[in-house]
Each structure stands twice: as structure tokens, then as C-alpha cells.
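S.K.: sequence unknown, structure follows:
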Ligand code: SF4
């Protein structure tokens, strides 16, 4: 969840700047029925297959989609999946606790939130501890700032997220079962939480891809994305947040990556392997 300062930076700085820069209408998701957004191939890839460039040549997608070789998930992927799962469960638990007690029994709600079962995985435990402390602070802050706040408004104020929103990517020639995280700040912000990784040049493509799909499905503009880097060092969680303005350039980059990878699969073109590849790649 962004801090109060980051929220202000987003609402008063990043979002107005994104509006000033604007986006060409042909690159809004709702323009999916004409080029450049119109998908030239019938290859419904997942969004991470398009946006991910951990494999520089894209042979991971070729191996999965053309050769039918599914790679074993590596340690990083397993950890990321487990932490995302924990976070989703915790958010549901925290919202449920707040709704069950309401603003009338806020201390009981805070106590209930603390009853979330401690996960076995040390990183998940640290994450839950961090979020629990942070939400307690946000609840007290909101209650003192808005003493007459209602329960639903309080939940929206302290937990403004939807994790795992399902989306149909068919308008953009992508998979029909995409799932994204969203920050709801009156203005939708695509959220990408990345565990245990450094910043990579291609990370903003994921945000652009989901913004395009959201625009195609709901026909409202999505101008900003947020990548949260969560890293664990010596049992401590370090969070870094990076806002991205989803302008023409990053949208076009995503579309080019989509076309390139779909062509590779449609024409069964082996892109060749990268340096230091794993055996499953069959190079
Ligand atoms: S082993 Fe190399 S070529 Fe194969 S998917 Fe991994 S990085 Fe790409």
C-alpha cells in the first residue's frame, strides 16, 4: 500500500503529469479493433509471456508453446507465488475483519487482523508482520482524520487494493484468463508486486499490457502503473515503489513484443537460446 506521501505524489504529481502528456487514441485499449493494437495472429499468449524478458530471446515462450516443454518453476518463481498467495489471503482476512467489526468496534478489528495465522515461510511471516503493523497505523490515522468515517469508506481508505482481478485479454489477442492487481485511488492504477528481484528495463511492459486490457474491457483510461519491489534481507523487508506513466512509448513497446512473440509461435520460428541456458530448453 502506498504511504500517505506517495499517495500525494501520485495524485498531485504523477497522475496530472500523465494527463498532460496524454496518450494517442490509437494506443488506448478501446482502439483494439484497428492497427496497431489489432492482433495479427491467433495466438492467445499470457501477459507475462509477452511482457517478460527474463529469457532474452523469448525461447521460453517458444519452448512452451511450440515444443510443448513446460519448465519447472525455479526457486524465485515458487517464492514469488507463495508470497503473492499469502498477501492475497491476508488482504481478504483484513477486509473481512474490518467489515465484521465495523468502525464501531475498531479495536476488536485490529485484534482480529492480528489473528492471521503466522505462515511457515520466513519471508511470508515478515511480510504479514509488516502489513499488519502498517494497516494498524493507517486505521488509526484514518479514524483520527475522519472520525465519522463509515466502515466501507474506511476499508477503501486503508486497503485500496483489488488483488487478482480477472480480465479477458481476447480484445488484444491475449489469454482470456488474465489476472492483475489494482490500486483503487479514485483513479485505477495497475499494480505489479515483484518479490525478490531487482529493477529490470522490461518491468513497465507488464503495467502497459494490463492498462491496455483494462481499457479494452472497461473503456476507461488507465494512465499510471505502480511496480512494488519487495526484497528480503536479513529477515527484514525492504519495499521500493516505482510509478510509471503509461504513455505512447511503453504501450507501443508492449504491442511490438506481443506481435513479435505471437509471430514466433505462429510460424514456429526458433529464436535461438541465450547464454547460460537450462537443459529443458533443448538447445
Ligand atoms: S534456458 Fe536460456 S534460452 Fe532457454 S528459456 Fe531459459 S534463458 Fe531462454
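M.R.: Thanks, I have it. Since the model is a prediction, treat every value here as computed from it, not as a measurement.
S.K.: And the longest helix along the chain, what does it pack against?
M.R.: Taking DSSP state H as the criterion, the chain has its longest helix at helix 75-101. Helices and strands touching helix 75-101, by 3 or more Cβ pairs under 8 Å, 6 or more residues apart in numbering; DSSP states H and E, are helix 106-113, helix 122-145, helix 151-158, strand 161-167, strand 188-195. For the C-beta atoms, the positions are set from N, CA and C on the backbone; glycine is no exception.
S.K.: helices and strands around the last one, which ones?
M.R.: So the one you mean is strand 188-195. Secondary elements touching strand 188-195 (3+ Cβ pairs under 8 Å, 6+ apart): helix 75-101, strand 178-184, helix 203-218, strand 224-233.
S.K.: Tell me which of these lies nearest to the ligand.
M.R.: helix 75-101 (12.3 Å; Cβ to the nearest ligand atom).
S.K.: model confidence over that closest one, on average?
M.R.: Helix 75-101 carries an average pLDDT of 96.
S.K.: what's the answer for stretch 187-201, then?
M.R.: 93.
S.K.: touching the ligand at all, that stretch?
M.R.: No - Stretch 187-201 stays clear of the ligand (Cβ under 6 Å from any ligand atom), getting no nearer than 13.6 Å.
S.K.: Other residues contacting that stretch?
M.R.: Applying Cβ atoms under 8 Å, 6 or more residues apart in numbering, the contact partners of stretch 187-201 are 10-11, 15, 53-54, 76, 79-80, 83-84, 87, 123, 161, 180-183, 203, 206-207, 210-211, 214, 220, 222-232, 242, 246.
S.K.: Run a quick neighbour tally on residue 14.
M.R.: When counting by other Cβ atoms under 10 Å, one arrives at 20 neighbours for residue 14.
S.K.: Per-residue pLDDT of it, please?
M.R.: Value listed for residue 14 in the pLDDT field: 88.
S.K.: quick one on the thing from earlier: does the longest helix of the chain reach the ligand?
M.R.: No - counting by Cβ under 6 Å from any ligand atom, the ligand is not contacted by helix 75-101; separation bottoms out at 12.3 Å.
S.K.: And that helix, what's buried?
M.R.: Buried residues in helix 75-101, counted by 16 or more other Cβ atoms under 10 Å: 79-80, 82-84, 86-87, 89-91, 93-95, 97-98, 101.
S.K.: Same check on stretch 46-65?
M.R.: Neighbour count says stretch 46-65 has 46-47, 49-52, 55, 57-65 buried, by 16+ other Cβ under 10 Å.
S.K.: what about the protein, any weak spots by pLDDT?
M.R.: Filtered on pLDDT under 70, the chain yields the residue ranges 278-283.
S.K.: So for it, the centremost residue is which one?
M.R.: residue 192 (2.5 Å; Cα atoms, centre = their mean).
S.K.: on that earlier part again, which pair of the buried residues of helix 75-101 spans the longest distance?
M.R.: Distance extremes for the buried residues of helix 75-101: the farthest pair is 79 and 101 at 32.9 Å, using Cβ to Cβ.
S.K.: Contact distance from the ligand - what residues of the stretch 1-150 of the chain qualify?
M.R.: 55, 57, 59, 60.
S.K.: If we go by neighbour counts, what in stretch 247-261 is buried?
M.R.: So for stretch 247-261, counting by 16+ other Cβ under 10 Å, buried means 247, 250, 251, 252, 253, 254, 255, 257, 258, 259, 261.
S.K.: ok, that stretch near the ligand or not?
M.R.: No - figure legend: stretch 247-261 not in contact with the ligand (Cβ under 6 Å from any ligand atom); closest approach 12.6 Å.
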